[in-house]
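K.L.:
fold the following for me, if possible:
(chains A and B)
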2 protein chains.
Amino acid sequence: MSGTAALAAMWRNAYRLKQNNTRTFAAAALSLPRVVILGTGWAGARLARDLDCKTSYDLTIVSPRNHMVFTPLLASAAVGTLEITSVIEPIRYLQPDLGNPKNHYYAGKAKGVDVAKKVIVCECADGHEYEVKFDKLAVCTGALGTTFGVPGVDEHTFPLRDATHAFRIRERLLTNVALASVPSRTREERKKLLQTVIVGGGPTGVEFAGELASFIRETMRKAHPEACADMKVTLIEANELLGSFDGSLRKYAASKLTQGGVNIVKGIVQRVTDGAVELKDGTTIPTGLIVWSTGVGPTPFMSSLPFMLSKGGRLAVNDRLNVFDKATGEVCADVFALGDCASNSETPLPPLAQVAEQQGKFVAKLLNAEAREGGFRLDESASTFKYLHLGSMAALTTGEAVIELGKKDSGGSLLTMTGISSWLAWRSAYLTRLGTWRSRFHVAMDWLTSMVFGRSLSRIER
Amino acid sequence: MSGTAALAAMWRNAYRLKQNNTRTFAAAALSLPRVVILGTGWAGARLARDLDCKTSYDLTIVSPRNHMVFTPLLASAAVGTLEITSVIEPIRYLQPDLGNPKNHYYAGKAKGVDVAKKVIVCECADGHEYEVKFDKLAVCTGALGTTFGVPGVDEHTFPLRDATHAFRIRERLLTNVALASVPSRTREERKKLLQTVIVGGGPTGVEFAGELASFIRETMRKAHPEACADMKVTLIEANELLGSFDGSLRKYAASKLTQGGVNIVKGIVQRVTDGAVELKDGTTIPTGLIVWSTGVGPTPFMSSLPFMLSKGGRLAVNDRLNVFDKATGEVCADVFALGDCASNSETPLPPLAQVAEQQGKFVAKLLNAEAREGGFRLDESASTFKYLHLGSMAALTTGEAVIELGKKDSGGSLLTMTGISSWLAWRSAYLTRLGTWRSRFHVAMDWLTSMVFGRSLSRIER
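P.N.:
Numbering: from 1, shown residues only, chains lettered A, B, ... in the order given. Next up is the predicted model:
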């Protein structure tokens, strides 16, 4: 055989092989079990990322958001230290196999689940309804902020749980500065517009208060000294700031925030009106922006599902994260609930990003193993979810954070960090936790440019 | 005198000197003439940047926008090649002396001008009215997009003249993709949602069409192949694309756009409805997004002013850019009109960024010279505005642009550029034209990250 002929034969064979592969692949694609994920939060995004949807499963994601939000950095994004687009990652970049025609991302919300027929009814923003079939279903639809029944919260406060919220807070903050700074405003109106009240002293409330104080001190003092003088940040908490942290860290955090210019008020909010927060003790705090961040509660969607609920109103799950049929009480082996929308009554976990993410990772591992082992289950010990608490962190201001590592509850050693080292650790930890090199690069660049050139001050009306 | 005593004396003197300086400065500040600029577009921002508001003038800017928009890059921002925040620059960063308490940026719009009293009445977004006094006034309030009386344009189309517009177009585009891609849509609905129509073949229309085609080809084909196949870009122009360019460039541009996937339609729009563009020849083009970009016209504000209007309805100006009193026809030496809102009937200029910017630069020079020469006017030849056309450019797609340099009208040599070199020249020209190192860095980084990591695909609801 001449060299040319050999080469031609090689090409032909390669081409046939490719054709065969395509055929096999196409045939296989038809028969792969379909995993449907509802939601693109920490749990859903991690499950989507880790699931083998190249060769083991067909993946369908249904969510109103086509991206995942890196929630711990939202507080920074709301004051312009980071761009909001830098802390969100398109789900198609997190799971590139969504570019494969057998996998899908569908915009919309689930309206109902038929477990017997294995069908979900979904609805788009424009009211268009459609059905999605599943073999395995993961409900990762998250929770809603809770108002504790305080009147006026829904109408007059801003949550900080999503990219949209960060946009709205940024816009309102800069609008207030703009409105307050025009001539012939009374001193009173001006002070009202320039006071921001944050209700809730958990990590989100504390980080936003700290970021806002840094923004005032570092950005506004230079660019807009007149407004700066009247800008106030008030943080209201009924109990203790950062309640889940160790006592020494709580005290440290409170003193650092106070030093940074945050006015910490211990009190219970009784009522919120347009322009004021009223406390139980009779105090009224006039304000132009109220950020409400006091924990999460169940959504109407959870109780509409044919699954049992836990005491707190979330979807009850077992230690494999399977839900229970509401009618029979039996385990639904093909339906999982993860993240803030789920709760195991025996081992309840806090609504944290790391819990949701570990659950997403766990279910992906479970399903991947199941597919690889030809339908056999994982061995019992590996197939139960165990949460590993990696520690808690909260940034207080530029150059200050608190970090708590170790096992407080189990009597193990507790490692705490404060000061510049903890702040650097906070930044590096979040940088490495970001889902893609794309977001890591964007966030690192934003930190650099905010430092060198200052934060963005442009108010874009929407 | 001992060394220590000498050092102490030096410090005391330095301190006294500083105190004296401060006093002189404070006294001087009270007596500086006040320049008021209405608007923060190309003309207003350039004037604000170049005006000596450190020692010669007190500056007050009134505008609903606290930033300048780098309009030529809006088309890129609308499809996510650039971040929208990268193409806008806070006015406080463009003119850092706004941090000085004697200078002001006030949010709001001017409602009326009293030339005799030298007072402007302004209004904030929340309805609050306030007065601003001026010694010199520069009206740089821009123009509005014109609809040519076509029914439905205001209700159903998107302009692309501002950062908000770029946001809205980006959101609608990605929403259309999301809505079109869910199951059980008819083929017809799907195709309608995925077709974008651009009306107007000027530089903005052409650049947006080109950017959108690149976005489909480079970003969507990989991340979302199913949607990509049905995405269409249609560009409607009644006459010729890029009408102001040389014939060879016009042909080149049309062929490159067609190659890139843009469907060019020659036609006159008769009516726009929710979801379709109807042409005079009876054709109906179904569409999910209509971008309207057919030139600019006067605003109601211009005709409400006590100044004479030119034929086109803009503020009539002389060759010093001064307006004329409507009642007496006399020149108002202290009132200038610049940019799209102004027109000199004898030497009318097109509504271009470079015209507006050169006018801003000219008025700043005029005012600065007047202040420095102790109230004397500049000599006659230097005090008339002469426009220098620096050339025209339009990007067609990644790696393709058309550039025209030289003086076509005056019979001089015409230099044209096409291909990759023109595209690189386009990018470098705009990069150097950006107002601050901050924006230059942001835009350069965005170009880099879009290339390496892909454009942003996240749809953020507002």
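
K.L.:
the nearest residue to A:Gly391 once chain neighbours are set aside: which element?
P.N.:
Of all residues beyond its chain neighbours, the one nearest A:Gly391 is A:Leu405 (4.0 Å), with distances taken as C-beta to C-beta, 6 or more residues apart in numbering or on different chains. C-beta here means a position set from N, CA and C on the backbone, and glycine is covered the same way. Assigned by DSSP states H and E, A:Leu405 belongs to strand A:400-406.

K.L.:
what packs against that strand?
P.N.:
Applying 3 or more C-beta pairs under 8 Å, 6 or more residues apart in numbering or on different chains; DSSP states H and E, one finds that strand A:400-406 contacts helix A:247-260, strand A:392-397, strand A:414-418, helix A:419-433.

K.L.:
most packed of the ones you listed?
P.N.:
Of all the helices and strands packed on strand A:400-406, strand A:392-397 carries the top mean neighbour count, a mean of 24, counting by mean count of other C-beta atoms under 10 Å in any protein chain shown.

K.L.:
so that one versus strand A:414-418, what angle?
P.N.:
Angle of strand A:392-397 versus strand A:414-418, following axes from the mean of the first three to the mean of the last three C-alpha atoms, to 10 degrees, is 20 degrees.

K.L.:
so A:Val177 is in contact with A:Ala223, correct?
P.N.:
No - counting by C-beta atoms under 8 Å, A:Val177 does not reach A:Ala223; the two are 10.1 Å apart.

K.L.:
which one of these two has more residues nearby?
P.N.:
A direct count of neighbours by other C-beta atoms under 10 Å in any protein chain shown for A:Val177 and A:Ala223 places A:Val177 higher, at 24 against 20.

K.L.:
chain neighbours aside, what residue packs nearest to the more buried one?
P.N.:
A:Val177 sits nearest to A:Ala227 (C-beta to C-beta, 6+ apart), 5.0 Å away.

K.L.:
mind listing what's buried along the helix or strand harbouring A:Ala364?
P.N.:
Here A:Ala364, judged by DSSP H and E, is contained in helix A:353-372. For helix A:353-372, burial by neighbour count (16 or more other C-beta atoms under 10 Å in any protein chain shown) applies to A:353-371.

K.L.:
quick one: that helix to strand A:392-397, angle?
P.N.:
Using the same axes, to 10 degrees: helix A:353-372 against strand A:392-397 is 140 degrees.

K.L.:
and helix A:353-372, average pLDDT?
P.N.:
For helix A:353-372, the mean per-residue pLDDT is 93.

K.L.:
check which helices and strands that helix sits against.
P.N.:
Going by 3+ C-beta pairs under 8 Å, 6+ apart, helix A:353-372 lies up against helix A:42-50.

K.L.:
once you drop chain neighbours, what's closest to A:Val296?
P.N.:
Looking at A:Val296 with C-beta to C-beta, 6+ apart, the closest residue is A:Ala143, at 3.9 Å.

K.L.:
hang on, the one you found packs against A:Asp340?
P.N.:
Yes - using C-beta under 8 Å, A:Ala143 is in contact with A:Asp340, at 3.9 Å.

K.L.:
quick one: mean pLDDT for stretch A:395-404?
P.N.:
Stretch A:395-404 comes out at a mean pLDDT of 90.

K.L.:
quick one: terminal-to-terminal distance for that stretch?
P.N.:
12 Å (C-alpha to C-alpha, to the nearest Å).

K.L.:
next: stretch A:111-122.
P.N.:
Note: stretch A:111-122 ends 5 Å apart using C-alpha to C-alpha.

K.L.:
avg pLDDT for that stretch?
P.N.:
On average, stretch A:111-122 scores 95.

K.L.:
same deal with stretch A:182-192?
P.N.:
94.

K.L.:
do the same with stretch A:286-301
P.N.:
93.

K.L.:
so which bits of it are buried?
P.N.:
Quick answer for stretch A:286-301 (16+ other C-beta under 10 Å): A:287-294, A:296-299, A:301.

K.L.:
end-to-end on that stretch?
P.N.:
One end of stretch A:286-301 sits 35 Å from the other (C-alpha to C-alpha).

K.L.:
roughly how far out does it sit from the chain middle?
P.N.:
Its chain's average C-alpha position is 15 Å from that of stretch A:286-301, according to C-alpha atoms, centre = their mean, to the nearest Å.

K.L.:
mutual contacts of A:Ala143 and A:Asp340, please.
P.N.:
A:Val296, A:Arg314, A:Pro351 (C-beta atoms under 8 Å, 6 or more residues apart in numbering or on different chains).
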